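>>> pasting the structure only:
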């Protein structure tokens, strides 16, 4: 279980981005963190992975205070992180990257299986380099696959829908529907209604504080205009 | 063969105790073993100064290996190897070189000329390495002169994988109509090593095409210098790319030049020099690698 206690973080220009945030995440289910841009959502995830360091507060993982541990140590504990803007590597193939992610050598079939989960054909992609020749949508799917390749105890995704084209979007949703069936807790920063709908819990962060936190359907009702509720299948009435 | 040569051979070639293709092995300034058969003929030049390698017209999937090993200091040699490739043939040439020395200086300069016949396809592999004690000066000065006839192709993969205190590489190419030159160069320097590489490519025939990609890593206090000149004398396309990673106090100087002499020449150069991007290290850290492991992995991929 992940616990965040009193997290506070200031931007380099002195603005307070996170203001004494305390949250805990159970050991399964999908939580979506949403809210206005600049509200501190991504910073919160980055603090969990030690990509940013809090001014005040603690991060606990399964009861252990991991605030002083670095990114590598947290990754080795099973915390996984999918970046909003994936980085590219000249000379490292998709197969290589998935091997690094999984921490072991992978057979072609293993790579194909992982790529299939994100809607890519291993035959076409496994030996391609993770470089500029991949489109924004392709590299985003590789990024998600790199998280799926790991034996995670918690999986974090920062705006997984960003850069994904409309044709791939339903595939992305099914990735998270699959993750929901598993026993690894998933933490997603997203603005996407469909992702919020499949979430178990939604947290709204505004102005550096938690403004709403509850069951997905309850928060969605408040978030979306009452005259325009969402049906179960996502169509507006 | 000396054990130092065996060690070198395993690194620079596909030798696993023997070759199953025509070969000539050079050790400490002389040829110690040679065998030719099939479509390949290997003829030593006078005074043991090198080889003439002939590949028959129409040869298919021929292969020839001419590794060169230096196992001690005090050797300073220029070796002249000429490759005469018949028309319509497909051949791979494996010409790696290594120097193993404990002290003093050793130098090898392989001066290779390629005469590639019409519509032939040559793959040229050249891996260079230095082994032995620190303090010894190992120098490699490779020179390649390439003549590509109409419709022919040369795929050249050259790499320097460490241990050489100095290297000065010169590559000159002259391309006829419809011919193609592809070069992939990888250079690694560390400590106080110095490497220079200089390309001069003349695209003389219509629809000729050159693609030169150089990737280098300069670690510690090492220094590298890249110069290239692509001359478009015809309706042609040329592309050169110099990508370098610097770590520590490494220095890289890149001076690319393009001469579009013909109005229909289309020439491009790209160059990027810098440290390893912080986001790349961070991504690999989120996958469980330490900072040092991440850096090593990025460099390994970059030079692969």
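Ah, there it is. Being a predicted model, the structure only gives us computed values, none of them experimental. Numbering: from 1, shown residues only, chains lettered A, B, ... in the order given.
>>> pLDDT weak spots in chain A?
A:167, A:225-237 (pLDDT under 70).
>>> what secondary structure does the residue positioned nearest the centre of it sit in?
Nearest to the mean C-alpha position of chain A, by Cα atoms, centre = their mean, lies residue A:157 at 0.9 Å. Following DSSP: H, G, I helix; E, B strand; the rest coil, we place residue A:157 in the strand state.
>>> counting neighbours, what do you get for the residue nearest to it when sequence neighbours are not counted?
Counting by Cβ to Cβ, 6 or more residues apart in numbering or on different chains, residue A:157 lies nearest to residue A:82, which is 4.2 Å off, once chain neighbours are set aside. (C-beta placed from N, C-alpha, C; glycine too.) A total of 21 residues lie near residue A:82 under the criterion other Cβ atoms under 10 Å in any protein chain shown.
>>> likewise the one 5 residues further on?
As a burial measure, the neighbour count of residue A:87 was computed by other Cβ under 10 Å and equals 16.
>>> likewise for residue B:217?
Residue B:217 - counted by other Cβ under 10 Å - has 25 other residues nearby.
>>> which residues does it form beta bridges with?
Assessed by DSSP bridges, residue B:217 has beta-bridge partners residue B:188, residue B:245.
>>> quick one: it and chain A, what's the gap?
11 Å (Cβ to the nearest Cβ, to the nearest Å).
>>> residues contacting residue B:32?
By Cβ atoms under 8 Å, 6 or more residues apart in numbering or on different chains, the residues touching residue B:32 are B:1, B:25-26.
>>> residue A:36 and chain B, how far apart?
Using Cβ to the nearest Cβ, we find residue A:36 at a distance of 25 Å from chain B.
>>> quick revisit: my guess is the residue nearest to residue A:157 contacts residue A:159, does it?
No. Contact status for residue A:82 versus residue A:159: not in contact, 9.1 Å apart, counting by Cβ atoms under 8 Å.
>>> common neighbours of those two, please.
Shared contacts of residue A:82 and residue A:159 (Cβ under 8 Å, 6+ apart): none.
>>> what pairs with the helix or strand encompassing residue B:69, and is each one parallel or antiparallel?
Using DSSP states H and E, residue B:69 falls within strand B:68-70. Applying DSSP bridges, strand B:68-70 is found paired with strand B:23-27 (parallel), strand B:97-101 (parallel).
>>> beyond it, next helix or strand please.
Heading C-terminal from strand B:68-70 (DSSP H and E), you reach strand B:76-85.
>>> the helix or strand that that following strand is followed by - contacts with which helices or strands?
Next along the chain after strand B:76-85, taking DSSP H and E as the criterion, comes strand B:90-94. When contacts are defined as 3 or more Cβ pairs under 8 Å, 6 or more residues apart in numbering or on different chains; DSSP states H and E, strand B:90-94 packs onto strand B:62-65, strand B:121-132.
>>> looking at those strands, which is nearest to chain A?
Set against chain A and scored by Cβ to the nearest Cβ, the helices and strands packed on strand B:90-94 come closest in strand B:121-132, at 16.5 Å.
>>> and the closest one, average pLDDT?
Averaged across strand B:121-132, the pLDDT comes to 97.
>>> partner strands of it and their direction?
Going by DSSP bridges, the partners of strand B:121-132 are strand B:90-94 (parallel), strand B:97-101 (parallel), strand B:153-160 (parallel).
>>> so which residues of the chain form helices?
Defaulting to chain A. Using DSSP state H, the helices assigned to chain A run over residues A:41-48, A:71-76, A:94-102, A:108-117, A:122-125, A:136-148, A:166-181, A:193-198, A:216-223.
>>> ah, I was thinking of chain B
B:3-12, B:278-286, B:291-303.
>>> okay, those in a markdown table with mean pLDDT next?
Putting the helices of chain B into a markdown table (pLDDT from 0 to 100) gives the following:
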| stretch | mean pLDDT |
| --- | --- |
| helix B:3-12 | 95 |
| helix B:278-286 | 97 |
| helix B:291-303 | 96 |
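>>> what about the closest residue to chain A within chain B, how many residues close to it?
Proximity of chain B to chain A (Cβ to the nearest Cβ) peaks at residue B:301, 3.6 Å away. Applying other Cβ under 10 Å, we find 21 residues neighbouring residue B:301.
>>> quick one: contacts for it?
Contacts for residue B:301 were tallied using Cβ under 8 Å, 6+ apart; they are A:89-92, A:96.
>>> I'd say residue A:81 and residue A:160 touch.
No. Counting by Cβ under 8 Å, residue A:160 is not a contact partner of residue A:81; they are 11.4 Å apart.
>>> between the two, which is the more surrounded one?
residue A:81 (29 against 25).
>>> so what's the more buried one bridging to?
Residue A:81 has these beta-bridge partners by DSSP bridges: residue A:156.
>>> and if you look at residue B:196?
residue B:168, residue B:225.
>>> that one is in contact with residue B:228, isn't it?
No. Using Cβ under 8 Å as the test, residue B:196 is too far from residue B:228 to be in contact (11.6 Å).
>>> between these two, which one's more packed in?
With neighbours defined as other Cβ under 10 Å, residue B:196 and residue B:228 compare such that residue B:228 has more, 25 against 17.
>>> ok, now which ones touch that one?
By Cβ under 8 Å, 6+ apart, the residues touching residue B:228 are B:198-201, B:212, B:214, B:240, B:242, B:255-257, B:269.
>>> please apply the same query to residue B:285.
Residues near residue B:285 by Cβ under 8 Å, 6+ apart: A:70-72, A:75, B:291, B:294.
>>> okay, these in TSV with neighbour count and distance to residue B:36 next?
Converted to TSV, the contacts of residue B:285 look like this (neighbours: other Cβ atoms under 10 Å in any protein chain shown; distance: Cβ to Cβ, whole Å):
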residue	neighbour count	distance to residue B:36
A:70	14	58
A:71	25	56
A:72	19	54
A:75	24	54
B:291	14	51
B:294	23	47
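>>> which residues of the stretch 201-304 of chain B lie near chain A?
Within the stretch 201-304 of chain B, the positions near chain A by Cβ under 8 Å from any Cβ of the partner chain are B:215, B:243, B:277, B:279-280, B:282-291, B:297-298, B:300-304.
>>> re earlier: and the residue nearest to the centre of chain A, how close does it get to residue A:98?
Distance check for residue A:157 against residue A:98: by Cβ to Cβ, to the nearest Å, it reads 17 Å.
>>> with residue B:28 instead?
From residue B:28 over to residue A:98 the distance is 45 Å, taken as Cβ to Cβ.
>>> neighbour count winner among the two?
residue A:98 (24 against 17).
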